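K.L.:
build the 3D model from these lines:
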Amino acid sequence: MIRGGEGEKENAIAFNESKNSFCLTVYQPEVIIKDPPGQTQVFRGETVTLQCKTEGGEDSGRSYFWYKDGRLDSEWKSENTLEWRCFWMNNTFSSVLTALPIATLSVRPESRLFTGESVTLTCVINTHDGWTYQWSKQSKQGGWTAVYQSESDAVNTLTISGGAVINGDQYRCRGGRTGRPASSQYSNTVTLTVEAPPKPTLTVEPKWSPLFTGESVTLKCAIDTRGGRTYQWGKLNHGNRWTAVSQSKYHTVNRDTLTIRGDPVISGGQYCCRGEIPNRPASSQNSDSVTLTVEAPPKPTLSVDPERRVFTGESVTLKCEINTHGEWTYQWYKLNYWNKWNVVSQSVHHTVNRDTLFIGGDAVSTRDQYRCRGEIPNRPKSSQNSESVTLTVEALPVATLSVRPESRLFTGESVTLTCVINFGWTYQWSKQSKQGGWTAVYQSESDAVNRDTLTISGGAVIDGDQYRCRGGRRDRPTSSQDSDFVTLTVEALPRATLTVEPESPLYTGESVTLKCEIQSYSNWRYQWYKGSSGTAVSQSQTNTFNISSAADQDQYWCKAERDNRPTSSQNSRTVTLTVKAERPKPELTSSHKGAAALIGNPVVLNCKLDPSAGWKFYWSKHTQNPENGTKTGTPSYTISSVSVSDRGEYRCRAGRGNPVYYTHYSDALWIAVTDLSPPVSLRVSPSRTQHFTTGSLSLSCEGQSDSTGWTVSRHTHSEKKVSNCSSGWGSVTGSACNISSLSPSHTGVYWCESESGGSSDPVNITVHSGAVILESPVHPVPEGDPLTLRCSYRHTKPSDLTAEFYKDGSLLQTQTPGEITIRTVSKSDEGLYHCKHPERGESPQSWISIRGSSFSVSRLLSSLMAASPYLLVSIILVVKCSRARAKPDELNTL
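P.N.:
Numbering: from 1, shown residues only. Alright, predicted model coming up:
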C-alpha cells in the first residue's frame, strides 16, 4: 500500500517489477455525518454519528482507523474544532463543532446599589429565535436554585424589589427552545453590591480661615463613587432649618461647586450639600455642614525709623507689620501732588524688602505721606490700609566758611579757612579736583588742619582752587550741610615794568635812564639790581635810575616793595643793554625814484635809521653844519613843491638823549630838478645807463635849437659834490664831454647845465667792474612804446648769454639769448631791473622810468597856444604863484 502525504490527492499508480507488471488502484474515502442526517453543524452537547464512505461501497472486509486532530482516537471530546480522519488510503474529514449560544446578563443600575434600591436583570441571547428564559440564584450552600416570577417565561427581565436586594447575591440566566439548539449556555454571573448611600465631603476654597469681609468663597461637594451626579445645596436659616440654595445674584452653582460672592458671606453661616444621580430614587447622605468664619481685614501698623524728625540727606526706613493670619506681603503707597495714592516700587531711590521700605536720602522730602497694606498670596482681599505717616524733614545745620585774608590773594601768600557751626562739631575739609569731584584734605606739609581752621601755605595756594567744609559728630544729625564753597582768587603780584631810555642798541658814550613802573597801588620803594646779584645796587623812592656810561651786555632788573598788601611786586624783566662802539650812520633816500624831480612836484626825503624810535632828525643842504640844519621829529622831510632852487646835495643825521647824542651824517643825496620840457637833453653814447670799467663814454648837450652855453655837470658818490666836465674828470670838445677810461668813481648823476642855471633831465650812469651789465635806456620810456633790455657780458656777445631778468628783486624771465622785450610799456613796468648769469654773476640795478605820452604835454601846450594865448599865460602865472606860496620857510636855510 502506498500512502500519500497529508492533504495531498492520491491517484492510481502503475509500475513494472522485473518482467512482471501489475496495476494498483487507490480509492479516496469521505467522512460524512450520518446522524443527525443532513446536518453539517453540530452543537456542543449533541450526539453525532460519523461514517467513512468509499467509492467501492461498504466492504466488511475493510479496516477503518479513526483519527481526531491527527491522532488515532476513538473518544469524543467536546472541543470547538474537531478533525477526524479515517484511513483507508488516507482521507481526511474536517468538521467545526459549534458552541451553544451564550446568554448575556446585564444589570440596571449598572453601578453599585444603594440600600433600598430595586434592581433589574436583563438576559439577552442574540442568535436564534423563540427563547424562553430561566433564572437561577446561588444559594448559601453554593448550589443554584431556580427563581420564578409571575410574568411569562418569555420575558427576559427579572426585577428584584429593594427589600429583596441583598449585598452579595449572585444571579445567572439561560435560554431554552423547542428546536436545535434546545438551550443556550448559562450567562455570566452577576453579584449584587449593595451599600449605604455615600456621604459627600464638603470643602471650602480658599482653605484659609477666617475669611476677610468682602472675600468670596467656593464650596465644593465631592462624592468619591459614581459619576454623573447632580448636587443640592442647603443653608441653615435663622429658624435653624435647611433651605435650598440655588443660582442667584450672589450664588453661582456650577454642578459640584457653590460660589458665594463677598457681600453675603457672613460669619457663622452654615452650608451643606448632597448628591443625586438622575433617574435613581436614592440620593447621597447630607454632607457635614461647614461654618464660615468672617472677620474684618487686619490693619497694619506702620512705623518710621528714625522716629523723630529727619534731616536732609538722611535715609528713612518704614516698616509695615501684621501679626496675624499667616505670611503677608506688603504694598507701599505715596500720596502724589493730586492727592492720589501711587504705588511705590523698587527704584533707584526706594528699596522694598518685604515688610520694609527704604527711602534714600535724596528722595526724602518734608510732608511726603506714605502708607502700606498687606496681601496674602493668592488671596483676593488685602488688609486694610495702614494709617499714613507724614515725613518731617529739617535742613542740616549749615557750615559757614570764611577766608583770611578776605580780599583777593597774591602769589606766595598763605590763606586760612575757618569753618563755623554751633558747639560740638568736628570738621572735614574737601577740595574740588580737576575732574570735578571733591577730595578730602588732610594734614600735610602744605595744609595745616587745626580743628576748625585749614591753613594753606603760599606755594599750595592756586588760583581757582575751590574748598568747602562740613561738620560731623556722633549724634544725629551726624553731619552738617556742606558750606558754600569758596574759590581762591590768586592774582599775580603787580609786575614791575622796566623801560630803557633810549632803547637799545646804545652807543659808546651815551647815557641811559632805567625806569621802573608799577601801574597799580602806590607808595612803592624801588630796588635796582644788576646781573645775577641778589643785592640791590640802588634803592630809592623814585622810579628812575641813571647810568652815565653803560657797558655792552650789562643786565638790569628791578622790583618794588611797600608796607601794605601786596607787600612786594614781581621782578621786572631783565633788560640787556647792547652798546655798540661805532656811531650809527643813517641812510638818506628820496621818494623820487627817477633821475630828476619835476618842477612843482613834491619830494619826500627819508632818513633811515633802525630803530628810529626815540631819535630826532636833522636835515642840511650843501653843508654839515648843524646850526644851519632843520630838525624834525620823524625820519622824513617833505618839499611840497620842488623848484630849481631845491636842486642840490642833501644830508641827514639823528640825535637823542640829554645831552644829545648825534649819529654820523648820512651820505649826500643829490636832488636834480627839471622842467616839463627842458630846452636841451643829455645825449649818452653808448646809450645805456650801465658801462664796463675801462670803457669810454661820450656825453653831449643837444637842444631843440641851439645848445651853446651848456656844459655837462655831474654829482658822484665818490666826490660828494657838483662839478662840470672842465674840472678834470673829462675832456671838453664843444658841448661834448668825453671820458676815455671809465672807473667806478664815475658812477653818479649827469646832466646839462646852462650859465643861467637851466638844466636838462638828469641821467644816472653806473660804471661796473664786474663781468655782467644790464643795457637799459638812459631816459624815461614813453608809455605805450616798446622796451628792450639786454644782459651783456664783458667778453661775449649778448646772443651767447643765457640770462635771468629781475624786476624789483623778483624773477621776471629767463631768456636765451640774453634779451627781453616788453612790447607796450605802462606805469606798472616802472621799477628796478637787473640781470643775472648763473655762472658769471649779475649786473647792478637800474631804475627804468615810464612817463606819459609826449602828446599829453607838448601837444596840449601847442593846442592851448593856437586856441588862446591868453589862457596859456594865465595858467602859467597861477602855477608860479601857487609854487611860491607852497614853499616852506625852512627851505630858505637850505
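
K.L.:
low-scoring stretches of the stretch 151-300 of the chain, by residue?
P.N.:
151-154, 225-228 (pLDDT under 70).

K.L.:
mind listing the strands for it?
P.N.:
For the stretch 151-300 of the chain, the strands defined by DSSP state E, counting those that start in this stretch cover 157-160, 170-176, 190-191, 194-195, 201-205, 211-212, 217-222, 230-236, 242-244, 251-254, 257-260, 270-276, 290-291, 294-295.

K.L.:
what's the closest of those strands to residue 378?
P.N.:
Shortest distance between residue 378 and the strands of the stretch 151-300 of the chain, using CB to CB, is found for strand 201-205: 10.4 Å. The C-beta positions use only the backbone N, C-alpha and C, and glycine is treated the same way.

K.L.:
which residue ranges form the helices in the chain?
P.N.:
Ranges of helices in the chain, per DSSP state H, are 858-867, 869-886.

K.L.:
so for residue 682, which of the strands of the stretch 151-300 of the chain sits nearest?
P.N.:
Using CB to CB, the strands of the stretch 151-300 of the chain put strand 211-212 closest to residue 682, at 135.2 Å.

K.L.:
just list what that closest one packs against, helices and strands only.
P.N.:
strand 294-295 (3 or more CB pairs under 8 Å, 6 or more residues apart in numbering; DSSP states H and E).

K.L.:
what pairs with the strand it packs on, parallel or antiparallel?
P.N.:
strand 211-212 (parallel) (DSSP bridges).

K.L.:
contacts for the strand it pairs with?
P.N.:
217, 265, 267, 292-297, 379, 381 (CB atoms under 8 Å, 6 or more residues apart in numbering).

K.L.:
recalculate using a threshold of 10 Å.
P.N.:
Outside strand 211-212, the residues that touch it by CB atoms under 10 Å, 6 or more residues apart in numbering are 204, 217, 260, 262, 265-267, 292-298, 325, 376, 379-384.

K.L.:
kindly report the same for stretch 98-105.
P.N.:
Contact partners of stretch 98-105, identified using CB under 10 Å, 6+ apart, comprise 41-46, 78, 80-81, 121-128, 131, 133-135, 156, 158, 171-175, 177, 181-190.

K.L.:
can I get stretch 370-381 in PDB, CA atoms only?
P.N.:
C-alpha atoms of stretch 370-381 as PDB (Å, rounded to 0.1, in the frame of the first residue of the first chain):
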ATOM      1  CA  TYR A 370       3.300 107.100  52.900                       C
ATOM      2  CA  ARG A 371       1.100 104.100  53.900                       C
ATOM      3  CA  CYS A 372       1.100 100.400  53.400                       C
ATOM      4  CA  ARG A 373      -1.200  97.400  53.300                       C
ATOM      5  CA  GLY A 374      -0.700  93.600  53.400                       C
ATOM      6  CA  GLU A 375      -1.600  90.900  50.900                       C
ATOM      7  CA  ILE A 376      -1.600  87.200  51.300                       C
ATOM      8  CA  PRO A 377      -0.500  85.400  48.100                       C
ATOM      9  CA  ASN A 378      -3.500  84.000  46.100                       C
ATOM     10  CA  ARG A 379      -6.000  85.800  48.300                       C
ATOM     11  CA  PRO A 380      -8.100  88.400  46.600                       C
ATOM     12  CA  LYS A 381      -8.700  90.500  49.600                       C
END
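
K.L.:
if you count neighbours, what's buried in it?
P.N.:
370-374, 376, 379 (16 or more other CB atoms under 10 Å).

K.L.:
also stretch 513-524?
P.N.:
For stretch 513-524, the neighbour count (16+ other CB under 10 Å) marks 514, 516-518, 524 as buried.

K.L.:
can you lay out the buried residues of stretch 370-381 as CSV showing pLDDT and distance to residue 484?
P.N.:
Formatted as CSV, the buried residues of stretch 370-381 follow (pLDDT from 0 to 100; distance: CB to CB, whole Å):
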residue, pLDDT, distance to residue 484
370, 95, 33
371, 95, 38
372, 95, 39
373, 93, 44
374, 90, 47
376, 84, 53
379, 78, 55
